[in-house]
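Enquirer: Would you be able to build a 3D model of this:
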Amino acid sequence: MEATEQLVCQPVDAFNPLITTSFQVSCILVISHIFHLVLKPLGGPFAQLLAGIVVGPTLLSRIHSVEDFFIQASSAKYYMFFSFICRMLFMFSIGLETDIPYLRRNIRVVSIVAGGGSILACIISGPLFWLLSKVFRVNNERFAFFLLILTVLANSASPIVIRMIAESKFDTADLGRLALYSALINEMSCVAVIGALKSFTSFSNFGCAVLVVLATVVLIILNKYLSFFFNKRNRNNRFVTNGEVFVIIFLLTSLSLFTEWIGYEAIANCFLLGLMFPREGKTARTLLQKLTYAVNTFILPVYFGYTGFQFNINILFNKLTLALAVLVILVSAATKIVGTFAACHYLKIPWNEALILSFLLNLKGNYDLILINTNPSPDIIWAKEIHNFLLAVVVLNTLITAPVVAILLNKEESFAHYPTTLEILNPESELRLLACVYIPRHVSSHVSLISALGGCPTAPIKPYLLHLVELPKKRKSKLMYHQLEDGDQFSDEEEYGGNDVLEINEAVDSFTSETKILVKQGKLVSSFLTINEDLCNGAEDLRVSVIFLPFHKHQRIDGKMENSMEEIRTINQKVIRHAPCSVGIFVDRGQTGFQHPHGCSSVQNIATLFFGGPDDREALACSKRISMHYQISLTVIRFKPTSSRHNSWINDASHNDEEIIMAISNIGTENEIDNAFVETFYNRYVAQGKAGFVEKYVSDGQETVAALREISDMYSLFIVGKGGRGNSPLTAGMSDWEECPELGLVGDLLASSEMNISGSILVIQRHRHSETEGGFLDD
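Expert: Predicted coordinates:
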């Protein structure tokens, strides 16, 4: 890369280019922030591109004094080098945050969507290349010019797509993730194809390509060892030191500069280094913590702004050039729309989602810009009119497409629908859950649940663990920045939680190393008076199907339950009432209760207590997931009135699950829905030997209590619904000793010290779609 070779102030420069570059960055950041406030519905990249256009030769730099300051003889090299650094860091960050399990599961669908528009672009690029080569009289490097046209048509700018999706809180939706990874696959495919074609043009290029691949593989392996060493070296620290972060960034920069110097583009290398970087431990956590904020608030805005800065509207004053620009933009949009619609039709994706995908994949402004700004050979440069024309096409295409995408994404109905209950979630589809902890003692029970729910490879899981921390009324930092220890962060938010953060991180890292289940961690710092609102909003943004909360009591050594934090109880009650999905409260019994299945030497016995109602069906739906773990033996115990002893409800014939439930839910009673749901479970799991099934006949609450006492020592975990049973005779009279109504009648009885149950308890409430369905009348 030529810009990396000449980073000195030239004698012809009136101002130091470092000063002009810094001032340009400051102007872009300030103006883009103002535009973002005014044009927020149109998306951040649109505002940042517009800020660059305002600073560039289209507006402010048309003034001679401003032009002399910003555009000097060597300033372009500084701008290009700064763009290279930004591009290197955000591509590494994108790789580090890539959801590998999702990509592995959906690689076929993602590849078909990514290739839909690109294949059509390859076909259309031939005639368009012939037309443009005639207009611009391209006689040399025609093949390079063809690849350039092909890339402009086929490429999708993954950083802009990711930014647009993230700002719309669309990145947790299935459609958003499909668009995000389709753009990534599309762009990396373009890089790979162009690089491969270039490598076969000569023996020297092929040798250089092999050298780059070997260097990348060596650095990927080296990073694994460095990550393990840094994690071990900082066992008692929250983060690795700044010096160790510098080592990782230095190696990344060295490989990137080497790749660019040889003649290839480094964005694929940076992405692969982030993609293959070990995710568990303090090293990855530190890199994410340091890079995420910098990339989102500084690097990407400046990168997009510099793209707009290069645009010069004077190129469009020529009628022929304007007509060609409109033609290329329309052809690009048409190939993406038609190709993506064809791919979505093949995959049976709805047309409204296909429309959003096609516009998202039509965003441009990353790899295509790199090729436009790169000389086709050391001795030949692109003609100025070709460079300015293609640059104008890319910028205008994104300026037109970005607002359309933002409007489509901001329509709530296009992505608001997602499973908020386990009952309607397919047992083989991805389960998104949010586990909440306050102190390290809560972590072991919640990761045990995550382990149990994620024990089957065919039933994917996406777990989030949220550390809830109370916001103190007053806080004063005791240390100045220069007084901090190496590796500490000058951030008040990072200090909240004290040493609990370190213990929680250690527990999660140990769990991830043992099970290979990646748990995405977060921290919520808020007043306990309003933390339930923040928690519910976060759960809605993450689109989880269930929230797991810790019980406000813990078991003492003598087996009695002791109150830990009364505030937890109040928060649990508020969350149960207002949660946007199902909620589970976990009562941990410590060593005698439910243990981590992956680390358990013997099979654990779990019982699901089914009395009837929506909450018990939700509990049974949760049990389906848990029963798939090879270290767990599930038994469903259904309690029925004695009067129904002679009524047979189990049909040995197999039925389609959805047809049974949908048909009866429309015309049947609650009891018939329960029968259908249990029958479906029986035919799919019990009849195939995956779970046990027992019926217990009781006449009132006293017999129910007696039956529960009989099984109190037989299971390590009891799963039961909170309520929703109406005036059931099975629980009649049990409300007389109810202490914790958030657990329901049966859950409260099981959690009481009088029952002397050694197993843990999981109480689940199905999502209440309206306050009339149940729940507390007040907080």
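
Enquirer: For the residue nearest to F693 when sequence neighbours are not counted, what are phi and psi?
Expert: Leaving out its chain neighbours, the residue that sits closest to F693 by CB to CB, 6 or more residues apart in numbering is V686, at 4.4 Å. For glycine as for every other residue, the C-beta is placed from the backbone atoms N, C-alpha and C. With angles defined as degrees, to the nearest 10, V686 sits at phi -70, psi -50.

Enquirer: what about V686, how many neighbours?
Expert: V686 has 19 neighbouring residues, counting by other CB atoms under 10 Å.

Enquirer: Can you verify my assumption that it contacts T680?
Expert: No: assessed by CB atoms under 8 Å, V686 is found out of contact with T680, at 10.5 Å.

Enquirer: wait, what's in contact with the residue nearest to F693?
Expert: Neighbouring residues of V686 by CB atoms under 8 Å, 6 or more residues apart in numbering: 636, 692-693.

Enquirer: so what's it scoring on pLDDT?
Expert: Listed pLDDT for V686 reads 88.

Enquirer: what does the one 3 residues further on give?
Expert: The confidence metric pLDDT takes the value 85 at G689.

Enquirer: And V393, by the same measure?
Expert: On the pLDDT scale, V393 is placed at 92.

Enquirer: related to what we said a few turns ago, selection in ChimeraX covering whichever of the contacts of V686 are buried, please.
Expert: In ChimeraX, this line selects whichever of the contacts of V686 come out buried by 16 or more other CB atoms under 10 Å:
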select :636,693
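
Enquirer: will you turn the contacts of V686 into JSON lines that also has distance to A333 and pLDDT?
Expert: What follows is those, written out as JSON lines (distance: CB to CB, whole Å; pLDDT from 0 to 100):
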{"residue": "V636", "distance to A333": "54", "pLDDT": "92"}
{"residue": "G692", "distance to A333": "58", "pLDDT": "90"}
{"residue": "F693", "distance to A333": "57", "pLDDT": "91"}
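
Enquirer: would you list the contacts of V686 in TSV and tack on distance to A539 and secondary structure?
Expert: Below are the contacts of V686 laid out as TSV (distance: CB to CB, whole Å; DSSP: H, G, I helix; E, B strand; the rest coil):
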residue	distance to A539	secondary structure
V636	28	strand
G692	33	strand
F693	33	strand
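
Enquirer: Same list (the contacts of V686) but as TSV, adding distance to I450.
Expert: Below are the contacts of V686 laid out as TSV (distance: CB to CB, whole Å):
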residue	distance to I450
V636	22
G692	24
F693	26
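
Enquirer: just curious, which of the contacts of V686 is nearest to S752?
Expert: Ranked by distance to S752 (CB to CB), the contacts of V686 are led by V636 at 23.2 Å.

Enquirer: Could you pull up the residues touching the closest one?
Expert: Per CB under 8 Å, 6+ apart, neighbours of V636: 607-608, 610, 620, 623, 678, 681, 686, 691-694.

Enquirer: With L518 instead?
Expert: L518 neighbours (CB under 8 Å, 6+ apart): 101, 279-280, 512.

Enquirer: tell me the SS of it?
Expert: Three-state call for L518 (DSSP: H, G, I helix; E, B strand; the rest coil): coil.

Enquirer: For it, what are phi and psi?
Expert: Main-chain dihedrals, L518, degrees, to the nearest 10: phi -80, psi 120.

Enquirer: rewinding a little: check the contacts of L518 for burial and list the buried ones.
Expert: Buried by 16+ other CB under 10 Å: 279-280, 512, out of the contacts of L518.

Enquirer: Mind putting those residues into CSV with pLDDT and secondary structure?
Expert: As requested, these are arranged in CSV below (pLDDT from 0 to 100; DSSP: H, G, I helix; E, B strand; the rest coil):
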residue, pLDDT, secondary structure
R279, 87, coil
E280, 84, coil
T512, 87, helix
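
Enquirer: quick one: low-confidence parts of the stretch 51-200 of the chain?
Expert: For the stretch 51-200 of the chain, the stretches with pLDDT under 70 are 72-75.

Enquirer: Going along the chain, name the helices of it.
Expert: Using DSSP state H, counting those that start in this stretch, the helices of the stretch 51-200 of the chain run over 64-70, 75-97, 100-105, 107-135, 142-154, 158-167, 174-199.

Enquirer: Against which helices or strands is the fourth one packed?
Expert: In this case it means helix 107-135. Identification of packing neighbours for helix 107-135 by 3 or more CB pairs under 8 Å, 6 or more residues apart in numbering; DSSP states H and E yields helix 142-154, helix 174-199, helix 319-347.

Enquirer: In TSV, list those helices along with mean neighbour count and distance to E672.
Expert: Listed next are the helices and strands packed on helix 107-135 as TSV, based on neighbours: other CB atoms under 10 Å; distance: least, CB to CB, whole Å:
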stretch	mean neighbour count	distance to E672
helix 142-154	21	55
helix 174-199	21	32
helix 319-347	18	36
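
Enquirer: would you turn those into TSV with distance to F359?
Expert: Output for those, formatted as TSV (distance: least, CB to CB, whole Å):
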stretch	distance to F359
helix 142-154	15
helix 174-199	9
helix 319-347	8
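
Enquirer: OK, contacts around the closest residue in space to V113 that isn't next to it in sequence?
Expert: Spatially, and ignoring its direct neighbours in sequence, V113 is nearest to S182 (4.3 Å; CB to CB, 6+ apart). Residues counted as contacts of S182 (CB under 8 Å, 6+ apart) are 110, 113-114, 156, 357, 361.

Enquirer: Tell me the one among those residues nearest to F309.
Expert: Nearest to F309 among these is S156, at 22.1 Å by CB to CB.
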